[in-house]
Every structure is written in structure tokens, then in C-alpha cells.
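Undergrad: Mind folding the following:
(chains A and B)
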Amino acid sequence: MMGRSFSDVIAMGGYAGFVWTAYGAWLVVIVLNILAARKAHADALKQVRRRLAMRDPANVEVDRS
Amino acid sequence: MTDWTWFHRLASPPYVYRTAARLQTWFTALAGLLVGYGLFAGLFVAPPDYQQGDAFRIIYIHAPSAWLSMMCYSTMAIAAGVGLIWRMKIAHAVAAASAPIGASFTFLALLTGSLWGRPMWGTWWVWDARLTSELILLFLYLGYMALRTSFDDRTRADRASAVLAIVGVINLPIIHFSVYWWNSLHQGSTVMKFDKPSMPASMLWPLLACLLGFSFLYAALLCVRLRAEILLRERNASWLAGVVELR
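TA: Modelled structure (predicted):
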């Protein structure tokens, strides 16, 4: 059972501006948090991959001169 | 004899990396369920407050953010202390991973608090004890992160920033008790007190779900950032070859 009608929820008893701005800002910061953490991990992984590739004997150039 | 193997496993980067990857999925799912329920019930089901009307609903994001701002700092300071005392690299990695998450929750606590204060107190901001000490917490996080980036050597960054994190702990009891020690516009505790929570169940359960859900969200974010920290610290270690290929 829903306690309140949809229009009541949107209107927030006259406090809609404050309540929805707070929830909107919350959502933005949470999404940025998730994206930033994933990017930090992806960047670290890229760096490790590059290092491993450099150490791979198949990629080491042999000086034949 | 006490079995200390768990302590040694916790100090092993490959073990922690893999465990964090596994836990991350569970933490994310739990966070989604709890925050989903909490916000739905808080916005759609809970009745309006008899004094504050619908403005009180900001509590469902404000209180968990404020709680997390302090919990992230505690985690950071304890991990930094463990890192200093036992020279445990993983502990320093946990502390470093915690800081940006904690800073973002502190920012949210201040911002949502301001949006709640304006209609209830008639002002966006006052320099009272609770608000000021929370702002200092944000500066502590920012100082901690700035200090870390100012060292090229990771070991020195770990030690110097750990000292700052530990000294900053003094701010935590000040934040918590500020509303009792000083005259404050900020209302007293609703849940975290030695008494029955001063809220009816239909308002309280969504709040508790949000508190727990935000905590799991922090745990999930910490897992991701901790894995990034471990990769950077262990970039020359041979175990990484297995991880990077397997993914």
C-alpha cells in the first residue's frame, strides 16, 4: 500500500525545491563516485598491462648490430 | 596457540586483491537493495513530520552521508595507524583508498544539510560547532589527499599522511558531541543515542536501511579503489601477470 499520492511526493508539501535539489545533488555525487573509482581501477590496470608487455620477452628488441 | 595466519593473509596483496574483487559484487548488490528500499519508503511511504513537514525527508540522504563522513575517516585513521605500527603496505592502501570517498560524503553532508537548514532555520549556513567541525573534516580529507600527492615516494607519502590522519581523529568526537557541548542550531541525535530512537517505525526503518545501504556502498567503492591502489603499488610483482590476463 502506498502511503502518499504521486503528486504529493512531487510537491513535497511546498519544499520540493529543497528536497529534490538535495536528492539530485546526492545522485550526481554518488554516480561520480562510482565512475571515479572505476576509472582509477581501469587506469591502474592499463599501467600494469603496459609494464607487463614491456617485460614480455616477445616485445624486447634485440640489438643485432 | 592463536592462529595468526589470517593476519598474514590480510597482508598479502594477491589475496586481498582477489577477495576485494569477490566482495565488491556482494556489497554493490546489498547497497542497491537497501538504498533502493530506504529511499522509496522514505519518499513514498513515510508520513510527513509533524513539525518539519516533507522537508524532513532530506534526512534519508543527509544523516547517512554524515555518518559515512565519520566512518570513512575512522577507517582511514585506523588503517593508517596499522600501517605505521606494523609497516603493513596494504593498510596504507586502504587509508589512501578511503580518503576520496570520505571527502565526497562529507561534501554531501554539508550540501544536503545546507538545503535542509535553509527552509528550517532560515539560513544556508551558520558558524556553529556542528557545521564548523564538519567543514574541518572536509579540510582534513583534502589536506590528507594533497599531502599524499606532494610526495614522489609512496612510502614517505604513506607515513606522512598517516600521521595527519591520526592527529585528525580528535575532530570526530568533537563533531559527534558538538550538539550537546555547545548551543547549536543543529538538532540532536535521532538514532545514535543511548535511548529509544525518537522516530516512529515508518520513518525509522527507511533511515536504518539507508544507513546500512550507504555503508555497503562505501565498502563496494573501497574495494574498487583498494584494487587500484594495490595494482599501482605492486606493478612490478609477478603475481599480476595472472590477474591481468584473467581479469
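
Undergrad: any idea which helix or strand comes after the helix or strand of chain A with the lowest mean pLDDT?
TA: Every helix and strand in chain A was compared by mean pLDDT, DSSP states H and E; the lowest is helix A:6-11, with a mean of 80. Downstream of helix A:6-11, the next assigned helix or strand under DSSP states H and E is helix A:16-55.

Undergrad: List the buried residues of that next one.
TA: For helix A:16-55, the neighbour count (16 or more other Cβ atoms under 10 Å in any protein chain shown) marks A:18-19, A:22-23, A:25-26, A:29-30, A:33, A:36-37, A:40-41, A:44-45, A:48, A:52 as buried. From N, CA and C alone the C-beta is placed, and that goes for glycine too.

Undergrad: pLDDT value on the residue sitting nearest the centre point of chain B, please?
TA: For chain B, the residue sitting closest to the mean C-alpha position, by Cα atoms, centre = their mean, is B:Cys72 at 2.8 Å. Per-residue pLDDT puts B:Cys72 at 96.

Undergrad: Give me the pLDDT for the residue nearest to the spatial centre of chain A.
TA: In chain A, the residue lying closest to the centroid (Cα atoms, centre = their mean) is A:Leu35, at 1.0 Å. At A:Leu35, the model reports a pLDDT of 97.

Undergrad: now swap in the one 4 residues further on and tell me
TA: Reported pLDDT at A:Lys39 in the predicted model: 97.

Undergrad: separation between the nearest residue to B:Gln24 once chain neighbours are set aside and B:Ile230?
TA: Nearest residue to B:Gln24 in three dimensions, chain neighbours excluded: B:Cys223, at 3.9 Å (Cβ to Cβ, 6 or more residues apart in numbering or on different chains). As for B:Cys223, its distance to B:Ile230 is 11 Å (criterion: Cβ to Cβ, to the nearest Å).

Undergrad: out of the buried residues of helix A:16-55, which touch chain B?
TA: The subset of these lying close to chain B, counting by Cβ under 8 Å from any Cβ of the partner chain, consists of A:18-19, A:22-23, A:25-26, A:29-30, A:33, A:36-37, A:40-41, A:44-45, A:48, A:52.

Undergrad: related to what we said a few turns ago, ok now the least confident helix or strand of chain A, how far from the chain's centre?
TA: The chain centre lies 30 Å from the centre of helix A:6-11; the measure is Cα atoms, centre = their mean, to the nearest Å.

Undergrad: Show me what counts as buried in it.
TA: For helix A:6-11, burial by neighbour count (16+ other Cβ under 10 Å) applies to A:Val9.

Undergrad: now do stretch B:138-146
TA: By 16+ other Cβ under 10 Å, the buried positions in stretch B:138-146 come out as B:138, B:140-141, B:143-145.

Undergrad: As CSV, those with pLDDT, distance to B:Leu68 and secondary structure would be great.
TA: Converted to CSV, these look like this (pLDDT from 0 to 100; distance: Cβ to Cβ, whole Å; DSSP: H, G, I helix; E, B strand; the rest coil):
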residue, pLDDT, distance to B:Leu68, secondary structure
B:Leu138, 97, 13, helix
B:Leu140, 97, 15, helix
B:Tyr141, 97, 12, helix
B:Gly143, 97, 19, helix
B:Tyr144, 97, 16, helix
B:Met145, 97, 17, helix
